[in-house]
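1. Next come a sequence and a model predicted from it.
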Amino acid sequence: MANTSLMDKIVSLAKRRGFIFQSSEIYGGLGSVWDYGPLGVELKRNLKERWWRSMVYEREDIEGIDAAILMHPRVWEASGHVAGFTDPLVDCKQCKNRFRADDPRLKGTPGEPDAQCPVCGSKGTLTAPRLFNLMFKTFMGPVEDSAAVVYLRPETAQGIYVNYLNVLQASRQKIPFGIAQIGKAFRNEITPGNFTFRTREFEQMEMQFFVKPGEDERWFEEWRAARMQWHKDLGIAAEKLRFHRHGKDELAHYAKDAYDVEYEFPFGWQEFEGIHNRTDFDLSRHQEYSGKKLDYLDPATNEKFVPYIIETSLGADRLALVVLVDAYREEEVEGEQRVVLRFQPSIAPIKVGIFPLVRKDGMPELAHRIADGLRGRLTIFYDEGGSIGRRYRRQDEAGTPFGVTVDGQSVQDQTVTVRHRDTLKQDRVAADRLLEYLRSQLSG
Ligand code: GAP
């Protein structure tokens, strides 16, 4: 299967089955902004909940917050984003298209007569590269002047740094400790694309771990290993995961060391999580720009220091794309082709499909009673339309791990069959023990 066509198939399935739609599609769409449909929203919620559980509920040294998207404009001066969050861009004066200066399609040297526009083919019409800031700007209050400019945050991390002392004092944590947050971020990306891989509005799941200087390298290694294990535990194919360590020329202005967690997408190996040793850069800068002391007094040693920060930064949308791509299979079963999403059951949007074998002989009534008993406890989908084979296939495509069929025997003895999506194995289970059975399968 050609790689491009695999991506096309996934995009088409995502739309057809209600995972992901293009934003404002009836108006022709908005570039690189996407909406999640009924199945997509469940998948993403399950991923976010799993991340939150592993960070906040299962550890005693991490607290959660939910900071606002809009922040004081000085935050972005302190963070380095106003000065440095830029891409060099080149404009074509002829066709008005805009390109990143490192776009491999550009021929010659932009700004010189030999340079050629890759879209209209004109020569000598490309401007010399100019820096373009990726932050979205908006205006606060009724007057659209520069005094009221605020930015849509390009990362959630800064909301954690500026709240670090508040959280420390309110939670009575001691260093080392962390703060986790899930929220939207915005970047006016110049070359977005590859479906939801690079978008202008996205969600991040970031955790900032505050440590004593000198202990940073140990914590960095600890978090690096923990994050890779987390992805493997999610069922992502281990051979499609790897680390990429940033070379000196790739390191962000704040980082002493950084690794990307990469996945092998159909369009190549790409980052979906970053683990960064940000040193004391962020807190020192906020201390300098705000004039407020952000150092920590170690109660055990009476030492004062500005903590170092180890950051784990995962894109919720990118993780959802990894999981979709990784789960997608085309298989032949029982002499027929099927498309199946082999999600780990715990993250599947719908856990159980419920099907009366035929629409008579008391089967729909019993199936409805079973559905009513499960609804609100597990995500279910009731379906009595079409052949049973077609109904199974529809749920395979949605990634539903279990199919409950009510047949003639069910009406006699109150048992049902449970079909397993991946093995196609069928178990017969008493209807009144079904919830217990499904729960044991989901936690296994
Ligand atoms: N606070 C550090 C930070 O934001 P980053 O490497 O720029 O680091 C971290 O972003 C993660 O956020 C990426 O690994 C990716 O999953 C996600 N991300 C960044 N830009 C994105 C975009 N334009 N579209 C979708 N996800 C994005």
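-> Nice, I can see it.
2. got the CA positions of stretch 68-75 in CSV?
-> Output in CSV follows, covering the C-alpha atoms of stretch 68-75 (Å, rounded to 0.1, in the frame of the first residue of the first chain):
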residue,chain,number,x,y,z
ALA,A,68,-6.2,30.9,31.0
ILE,A,69,-5.3,31.1,27.3
LEU,A,70,-4.8,34.9,27.5
MET,A,71,-1.9,36.1,29.6
HIS,A,72,-0.2,39.3,30.4
PRO,A,73,1.8,40.4,27.3
ARG,A,74,5.0,40.7,29.3
VAL,A,75,4.9,36.9,29.8
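3. List the buried residues of the lengthiest helix in the chain.
-> Secondary structure of the chain read by DSSP state H shows that its longest helix is helix 216-233. Across helix 216-233, burial judged by 16 or more other C-beta atoms under 10 Å covers 216, 219-220, 223-224, 227-228, 230-231. To be clear about C-beta, it is placed using only N, CA and C from the backbone, and glycine gets the same treatment.
4. so which of those are also by the ligand?
-> For the ligand, no contacts are drawn from the buried residues of helix 216-233 by C-beta under 6 Å from any ligand atom.
5. ok, now which ones touch the residue in the stretch 301-444 of the chain that the ligand sits nearest to?
-> Going by C-beta to the nearest ligand atom, the ligand is nearest to residue 315 of the stretch 301-444 of the chain, at 2.3 Å. Counting by C-beta atoms under 8 Å, 6 or more residues apart in numbering, residue 315 makes contact with 202-205, 272-273.
6. Could you rerun that using 7 Å?
-> Residues counted as contacts of residue 315 (C-beta atoms under 7 Å, 6 or more residues apart in numbering) are 202, 204, 272.
7. same question, residue 61
-> Counting by C-beta under 7 Å, 6+ apart, residue 61 has contacts 173, 176-178.
8. Make JSON lines out of these and add neighbour count, pLDDT and secondary structure.
-> What follows is those, written out as JSON lines (neighbours: other C-beta atoms under 10 Å; pLDDT from 0 to 100; DSSP: H, G, I helix; E, B strand; the rest coil):
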{"residue": "173", "neighbour count": "17", "pLDDT": "96", "secondary structure": "coil"}
{"residue": "176", "neighbour count": "18", "pLDDT": "97", "secondary structure": "coil"}
{"residue": "177", "neighbour count": "21", "pLDDT": "98", "secondary structure": "strand"}
{"residue": "178", "neighbour count": "26", "pLDDT": "98", "secondary structure": "strand"}
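9. what bridges to the residue of the stretch 301-444 of the chain closest to the ligand?
-> residue 204 (DSSP bridges).
10. Checking my notes, residue 91 in a strand, right?
-> Yes. According to DSSP: H, G, I helix; E, B strand; the rest coil, residue 91 belongs to a strand.
11. thought it was touching residue 127?
-> Yes. Assessed by C-beta atoms under 7 Å, residue 91 is found in contact with residue 127 at 4.7 Å.
12. Which one of the two is surrounded by more residues?
-> Legend: neighbour count by other C-beta atoms under 10 Å for residue 91 and residue 127, higher for residue 91 (19 against 15).
13. ok, residue 89 - contacts?
-> 98-101, 129-130, 132, 190.
14. before we move on, the earlier item: pLDDT score assigned to the residue of the stretch 301-444 of the chain closest to the ligand?
-> pLDDT for residue 315: 98.
15. For it, give its distance to residue 156.
-> Counting by C-beta to C-beta, to the nearest Å, the separation of residue 315 from residue 156 is 11 Å.
16. Next, show the common contact partners of those two.
-> residue 204.
17. Where does the spatially closest residue to residue 122 that is not a sequence neighbour sit: helix, strand or coil?
-> Using C-beta to C-beta, 6 or more residues apart in numbering and skipping the chain neighbours, the partner closest in space to residue 122 is residue 94 (4.2 Å). Under three-state DSSP, residue 94 falls in the coil class.
18. show me where pLDDT drops low in the stretch 51-200 of the chain?
-> Scanning the stretch 51-200 of the chain for pLDDT under 70 picks out 192.
19. who in it is up against the ligand?
-> Checking the stretch 51-200 of the chain against the ligand by C-beta under 6 Å from any ligand atom, the hits are 155, 157, 187, 189, 198-199.
20. Considering these, which possesses the most neighbours?
-> That'd be residue 157 among those, by other C-beta under 10 Å, with 25 neighbours.
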